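Student: Sequence plus predicted model, see below.
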Amino acid sequence: MLDKKINKKVGIIGFPMDLGADRRGVDMGPSAIRYANLKKKLEALGYVVDDFGDIAVNILETQKIKNIKLKYLPEIERASKLLSEKVTSILDRKYFPLVLGGDHATAIGSIAGISSYCKKNNKTLGVVWIDAHADMNTEETTPSGNIHGMPLAIAMGLGYKSLIKINGFSPKVDIENIAMIGIRDVDKLEAETIKKLNPIIYTMTDIDKIGIHRVISKVLGDFKKRVDFIHISFDLDGIDPEYAPGVGTPVHGGLTFREAHLIMEMIAECGCMSSLEMVEVNPILDIKNETAELTTELILSALGKNTLHR
């Protein structure tokens, strides 16, 4: 079903959002990734790259919390709609969307935009979710009220109505077409939701047992049979903080440097990725921009860079 040739025209969109979490700093993530010479390195691989700048997101200091179970909801909803429109627009113009977050609330708008494009072009969307966290909370289950812990639930049609109904329809992706990789930190009530819905999920324990090569091979192999648009949503806290210290919510025991690269290299080898977002880089917690540098290298791996530079 899938075209093995990756689009050679890349459109970068920044989403400098840190309203989804309590810890500040991930709003600077898009700038840090750009500073790691992302555009120049993509061009060296042969891509035509257009940077469409950042979606305007109002800073926390100008916002008020009206609902402690859905912190900063109005601004997150407003900005997510703008991101959705931008993603759909550049897909319509035949770009490969490369979204740079921001916290993982970024995925609310990016997946909404991608799903709208798929809906009007009769494509079936699949989402590969690489993250330490399941992000399947709702306002009923969240222990924190942080919306960056809710975007996957929202994409599945669970949660606050105005968020799940962005662009007028829900769900944005069917549960059987979501694969979660690297999960190792799940809230109690969130875990009950996961057990009830039974999505495709590979925890770090699963990866330890069977290996990342088998995991990503199975996910991509299955998706290639039943979807024709694959979106990769990569939260950098999926990687162990030994290799990625500058992330929004670090959790020990994550993917190694090579496991993360192998995932991206196999995605490139598959030739089946249609869009990509990289989120939760936090320069405040980083060491000499090394997490942003790693993020850039992972993007390059997903878009075809390998040992032989071919």
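Tutor: Noted; the coordinates are in hand.
Student: Surely I287 touches P245?
Tutor: Yes - using CB atoms under 8 Å, I287 makes contact with P245 at a distance of 5.6 Å. From N, CA and C alone the C-beta is placed, and that goes for glycine too.
Student: all helices of the protein, in order?
Tutor: With DSSP state H, the ranges of helices along the chain come out as 29-35, 38-44, 73-92, 106-120, 151-155, 161-164, 188-197, 204-210, 212-226, 257-270, 290-302.
Student: I111 contacts P151, correct?
Tutor: Yes - between I111 and P151 there is a contact at 7.4 Å, judged by CB under 8 Å.
Student: Same list (the helices of the chain) but as JSON lines, adding mean neighbour count.
Tutor: Below are the helices of the chain laid out as JSON lines (neighbours: other CB atoms under 10 Å):
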{"stretch": "helix 29-35", "mean neighbour count": "23"}
{"stretch": "helix 38-44", "mean neighbour count": "17"}
{"stretch": "helix 73-92", "mean neighbour count": "21"}
{"stretch": "helix 106-120", "mean neighbour count": "27"}
{"stretch": "helix 151-155", "mean neighbour count": "29"}
{"stretch": "helix 161-164", "mean neighbour count": "17"}
{"stretch": "helix 188-197", "mean neighbour count": "13"}
{"stretch": "helix 204-210", "mean neighbour count": "15"}
{"stretch": "helix 212-226", "mean neighbour count": "17"}
{"stretch": "helix 257-270", "mean neighbour count": "20"}
{"stretch": "helix 290-302", "mean neighbour count": "23"}
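Student: right, and the ones you listed - which one's nearest N177?
Tutor: N177 sits nearest to helix 212-226 of all the helices of the chain, at 7.0 Å, using CB to CB.
Student: what about the closest one, average pLDDT?
Tutor: Regarding helix 212-226, the rounded mean pLDDT is 97.
Student: Go ahead and measure how far that helix is from the middle of the chain.
Tutor: Taking the mean of its C-alpha atoms, helix 212-226 sits 18 Å from the chain's own mean (CA atoms, centre = their mean, to the nearest Å).
Student: got the contact list for G53?
Tutor: Residues near G53 by CB atoms under 8 Å, 6 or more residues apart in numbering: I13, G14.
Student: Please tell me how far it sits from I12.
Tutor: 8 Å (CB to CB, to the nearest Å).
Student: thinking again about what came up before, neighbour count: I287 and P245, which is higher?
Tutor: Remark: of I287 and P245, P245 carries more neighbours, 17 against 9, as counted by other CB atoms under 10 Å.
Student: That one against N289, yeah?
Tutor: No - counting by CB under 8 Å, P245 does not reach N289; the two are 10.9 Å apart.
Student: Could you report the neighbour count for the closest residue to S274 other than its chain neighbours?
Tutor: Distance criterion CB to CB, 6 or more residues apart in numbering; nearest residue to S274, sequence neighbours excluded, is F229 at 4.5 Å. When neighbours are counted by other CB under 10 Å, F229 registers 24.
Student: Read off the pLDDT value for F229.
Tutor: Confidence at F229, expressed as pLDDT, is 98.
Student: Could you list everything it pairs with in the sheet?
Tutor: Legend: beta-bridge partners of F229 under DSSP bridges are L125.
Student: Understood, closing this out.
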